[in-house]
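Novice: below is the sequence, then the predicted model.
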Amino acid sequence: MKQRFTTEFVSKLKSFFVEPPTDAQRSSALWCYGTAALYIAIAFGIRWALNPVLSYQAPFILFIPVILLVAWRAGLGPALFASLSTFLLVNYFFIFPADQWNPLDASEVAAAATYIVSAVAGVSWAQTLRTERKRVIEKANESVEHAQRLRNELKQRQVAEEQLQEREERLRAIMENSPTMIFLKDAGGRYLMANRQFEKIIRRPVAEIIGLTDAAIFPPEQAVNFCGNDHKVLDKGEPVECEEVALHEDGPHTSIVQKFPLRDRTGKVYAVGGIVTDITERKQWEKAVAESEKKYRSLYRNTPAMMHSIDRTGRLLSVSNFWLKLLGYKREEVLGRNFTEFLTAVSRNYAREALPAYFKHGACSNVPYQVVKKNGEIIDVLMSGIAEKDEEENVVRALAVLTDVTAQNRAEQALRASESRYRQLIDLLPVAVYTTDGDGHVTLCNQHAIELFGRQPEIGKDLWCSS
């Protein structure tokens, strides 16, 4: 406990006498002049205690250091205050005869003058040291701040470099693992970089192609084409998308190439980047689909049947050649028109009512309609169709086949008319007439036969001989 008290006391003394005051303390007049008064009091106490030993010898010896200390710690004003105060105290208490001062005594005046000059010189020197110390501290603080700024800038730069390195590593990982070919050329067409897929396709290490042009890597015709597309980017300063064909080991490959400019800080284009996507399989698939569609279209158009396709509003999208031939139209006269325009009024009204149900169920079969030919002739058809829907069950288009049953209907009508006339003729005969099938069941009879039978026989069931 005693050791702790001693340590704290020494620390307080060191803080008060040795360590420089803070800016807040120096800006306080009370603190500055209070410090001067305290130092004077301490020096006076010590001198008073030593007075029995020193008597009137060296009266100013303890006070000059006090003035210097006040000047160092509190400034010029408090130091001058300390000089005047100690002069008066010394002359009053420690210069013989005590308690008085004779201004006519040359020795006393000389001693006083010497003290004052020494005090002023000491104050001036202390003030100079104080000013210089302040300048040195400010310079040191500036150096510390500058060093701190440098450390912060260095740290920020290090962080930025690490982030840049991470981004470069991510981009490099993307490039190297991309299934597309990626490359970079300078304005002269020399390769600056390329990814692993590029190396795989051309069968040469990337290290070998760096610095080479297309002319040194590819056949002349390909190189000219590649360079021409590069110059489009350099001349326009804008991205360009194009198709390029390159000869691989398994034959020619078609690719979609996106080429784009890279600019420096001044905005000048210094390089051309490229991303190559091989679309050979897609091209082959498109060709196969086109050929299939061509065959389908040929089959559709040349099939000896009336066929058409409509959208969800009923507009004709396509018609077969037989459809056109039978109705007497040209293709450009019908495409885009609603198919109900080619129906009779009765069939048109029925179609408008039946179309929603057809789309809802997705199919119809042998629906009778009457179609009007270009020359005004009406034909009877039976329509069967199926609707194509998307993933959301919305109708995209519907394909229909129309069967011309005009001749069949007319034959049936003629047959019914003939049967009617035959029946009238039988009924007019004055004798009983009837017919039976092979089993003897009545199939036809006139009025006289009914009278002979005794009742109206049930056609197809009753036996004539049963009577």
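Specialist: Yep, it's here.
Novice: all contacts plus neighbour counts: C-alpha atoms, from now on.
Specialist: Fine.
Novice: give the contact list for the residue lying closest to residue 436 once chain neighbours are set aside.
Specialist: Nearest residue to residue 436, sequence neighbours excluded (CA to CA, 6 or more residues apart in numbering): residue 442, at 4.4 Å. Residues near residue 442 by CA atoms under 8 Å, 6 or more residues apart in numbering: 434, 435, 436, 457, 458, 459, 460, 461, 462, 463, 464.
Novice: part of a helix, is residue 442?
Specialist: No. Going by DSSP: H, G, I helix; E, B strand; the rest coil, the assignment for residue 442 is strand, not a helix.
Novice: just the buried ones out of the contacts of residue 442, please.
Specialist: Among the contacts of residue 442, those scoring as buried are 434, 436, 457, 462, 463, 464 (criterion: 16 or more other CA atoms under 10 Å).
Novice: ok so, going back, which among the contacts of residue 442 gets closest to residue 141?
Specialist: Nearest to residue 141 among those, counting by CA to CA, is residue 460 at 128.8 Å.
Novice: the closest one and residue 441: what is the separation?
Specialist: As for residue 460, its distance to residue 441 is 5 Å (criterion: CA to CA, to the nearest Å).
Novice: residue 190 too?
Specialist: To residue 441, residue 190 is 103 Å away according to CA to CA.
Novice: next one: residue 93
Specialist: Counting by CA to CA, the separation of residue 93 from residue 441 is 172 Å.
Novice: go on, residue 287?
Specialist: Using CA to CA, which is the criterion applied here, residue 287 is 68 Å from residue 441.
Novice: before we move on, what about residue 457?
Specialist: Taking CA to CA, one finds residue 457 at 10 Å from residue 441.
Novice: repeat for residue 146
Specialist: Counting by CA to CA, the gap from residue 146 to residue 441 is 128 Å.
Novice: neighbour count: those two, which is higher?
Specialist: Using other CA atoms under 10 Å, the more surrounded residue of residue 146 and residue 441 is residue 441, with 19 against 12.
Novice: quick one: residues in contact with the helix or strand hosting residue 383.
Specialist: Element membership for residue 383 (DSSP states H and E) is strand 378-389. Applying CA under 8 Å, 6+ apart, the contact partners of strand 378-389 are 344, 358-359, 362-373, 395-406, 409.
Novice: contact partners of the helix or strand following it?
Specialist: Sequence-wise, the next helix or strand downstream of strand 378-389 (DSSP H and E) is strand 395-404. With contact meaning CA under 8 Å, 6+ apart, strand 395-404 is reached by 305-312, 359, 379-390.
Novice: can you check stretch 227-240 too?
Specialist: Contacts of stretch 227-240 (CA under 8 Å, 6+ apart): 187, 189, 214, 242, 258, 259, 260, 261, 269, 272.
Novice: mean confidence for it?
Specialist: Averaging pLDDT along stretch 227-240 yields 90.
Novice: for that stretch, which positions count as buried?
Specialist: In stretch 227-240, counting by 16+ other CA under 10 Å, buried: 229, 230, 232, 233, 234, 237, 239, 240.
Novice: list the contacts of residue 278.
Specialist: 180, 253, 254, 255, 256.
Novice: quick one, strands of the stretch 201-350 of the chain?
Specialist: 240-248, 251-263, 269-278, 306-310, 316-319 (DSSP state E, counting those that start in this stretch).
Novice: tell me the contacts of the residue lying closest to residue 434 once chain neighbours are set aside?
Specialist: Nearest in space to residue 434, with sequence neighbours left out and distances taken as CA to CA, 6+ apart, is residue 445 at 4.0 Å. Residue 445 makes contacts with 432, 433, 434, 435, as judged by CA under 8 Å, 6+ apart.
Novice: could you dump the residues you listed to JSON lines with pLDDT and secondary structure?
Specialist: Conversion of those to JSON lines gives the following (pLDDT from 0 to 100; DSSP: H, G, I helix; E, B strand; the rest coil):
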{"residue": "432", "pLDDT": "80", "secondary structure": "coil"}
{"residue": "433", "pLDDT": "79", "secondary structure": "coil"}
{"residue": "434", "pLDDT": "76", "secondary structure": "strand"}
{"residue": "435", "pLDDT": "81", "secondary structure": "strand"}
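Novice: okay, now the unreliable bits of the stretch 1-150 of the chain?
Specialist: The stretch 1-150 of the chain contains residues with pLDDT under 70 at 1-24, 26, 56, 58-60, 91, 94-123, 125-127, 129-130.
Novice: the strands in it, which residues?
Specialist: Going by DSSP E, counting those that start in this stretch, the stretch 1-150 of the chain shows no strands.
Novice: in it, which spans are helices?
Specialist: Along the stretch 1-150 of the chain, counting by DSSP state H, counting those that start in this stretch, helices occupy 2-17, 23-26, 29-54, 63-74, 76-93, 106-177.
Novice: can you tell me which of those is most buried?
Specialist: helix 63-74 (a mean of 25; mean count of other CA atoms under 10 Å).
Novice: run the angle between it and helix 76-93 for me.
Specialist: 160 degrees (axes from the mean of the first three to the mean of the last three CA atoms, to 10 degrees).
Novice: what helices or strands is helix 63-74 leaning on?
Specialist: Counting contacts by 3 or more CA pairs under 8 Å, 6 or more residues apart in numbering; DSSP states H and E, helix 63-74 is packed against helix 29-54, helix 76-93, helix 106-177.
Novice: kindly recompute the last result at 6 Å.
Specialist: In terms of contacts (3 or more CA pairs under 6 Å, 6 or more residues apart in numbering; DSSP states H and E), helix 63-74 is packed against helix 76-93, helix 106-177.
Novice: using TSV, lay out these together with distance to residue 331.
Specialist: Listed next are these as TSV, based on distance: least, CA to CA, whole Å:
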stretch	distance to residue 331
helix 76-93	113
helix 106-177	53
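Novice: these: which one's closest to residue 55?
Specialist: helix 76-93 (10.3 Å).
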